Every structure is written in structure tokens, then in C-alpha cells.
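Engineer: For reference, the sequence and a predicted model appear below.
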Amino acid sequence: MPGSLLDAAAVIGCPHGGRVTPATTPSGGALSQGAAVATAAHSYVVTGCPHTVAGVPSPCVLVRWTADGSGVLVDGAPVLLDTSAAQCFSAAFVPQGPPLVQAAQRKVTVR
């Protein structure tokens, strides 16, 4: 599936307005415009999610990505694209919707 490459500078949010950032800084392998390329091997956390369920806070806290079958690897791990499937989860591992990629590296595309 074609898409734009995600890197450490990508602007990503949870479906409720929280901010998604790498928990482990992508390093080594490949850089895109000075930012490390994101792969399925990296962990992502959510901060600032205001989501509640029946008045009880239930914020998104992590994101799990499923890499596309593009065949592009960095350090042996599949790269992440803005079209890669992902899911945000609460601390109780309840799925809370997909993250929203607001800005990704447009200079590099994978087809």
C-alpha cells in the first residue's frame, strides 16, 4: 500500500486530541530530512488524551502499529507509513480508535 514515510518528526494524535510520540527514539538505520525513520519496532505513547467513558477518565496511553507489506525495512523492521494500520489503547488495553496522522514526511513515499 503506498503512503508517506513516518519519522520521528511526524505529527500524530489520538482520536480524542492527545499527542502520539515515540516512547523509544527511533535511531540508527535511516534518516529522512534529519529525523529518524519510524518502524514497527518502536513503541509509541499518548499524552494529553482527555477521553472519558461515563464520566470516568479513560485516556489513550499507547499506540500499536501494524506495518504495511511494503517490504521496506530499516534495521530489519518494517517502516511505518501514514497509511499503516494502528490502534490507540487505554491503560486497560481497551481499543479506543486509530491515531490520526496530521503531518508526515512527504518527501519520501513508498509504493
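Structural biologist: That came through fine.

Engineer: Neighbours of the residue nearest to G76 when sequence neighbours are not counted, how many?
Structural biologist: Residue nearest to G76 in three dimensions, not counting chain neighbours: A41, with 7.9 Å by CB to CB, 6 or more residues apart in numbering. The way it works is simple: take the backbone N, C-alpha and C, and place the C-beta from them, glycine included. Neighbours of A41 under the rule other CB atoms under 10 Å: 17.

Engineer: can you tell me which residues contact the closest residue to T39 other than its chain neighbours?
Structural biologist: Nearest residue to T39, sequence neighbours excluded (CB to CB, 6+ apart): A77, at 3.8 Å. Taking CB atoms under 8 Å, 6 or more residues apart in numbering, we find A77 in contact with T39, A40, A41, H42, A67.

Engineer: Quote the end-to-end distance of stretch 46-53.
Structural biologist: From its first residue to its last, stretch 46-53 covers 17 Å (CA to CA, to the nearest Å).

Engineer: And it, what's buried?
Structural biologist: V46, C49, H51 (16 or more other CB atoms under 10 Å).

Engineer: hang on, the earlier thing: right, and the residue nearest to G76 touches D75 too?
Structural biologist: Yes: A41 lies in contact with D75 (CB atoms under 8 Å); the separation is 7.2 Å.

Engineer: quick revisit: now do the residue nearest to G76, the pLDDT please.
Structural biologist: Looking at A41, its pLDDT is 83.

Engineer: Also the one 10 residues further on?
Structural biologist: In the prediction, the pLDDT value recorded for H51 is 97.

Engineer: what's the answer for R106, then?
Structural biologist: On pLDDT, R106 comes in at 59.

Engineer: A86 now?
Structural biologist: 93.

Engineer: What of the one 4 residues further on?
Structural biologist: Model confidence at S90, expressed as pLDDT, equals 97.

Engineer: picking that back up, pop out the phi and psi values for the residue nearest to G76.
Structural biologist: Backbone geometry at A41, expressed as degrees, to the nearest 10, gives phi -80, psi -10.
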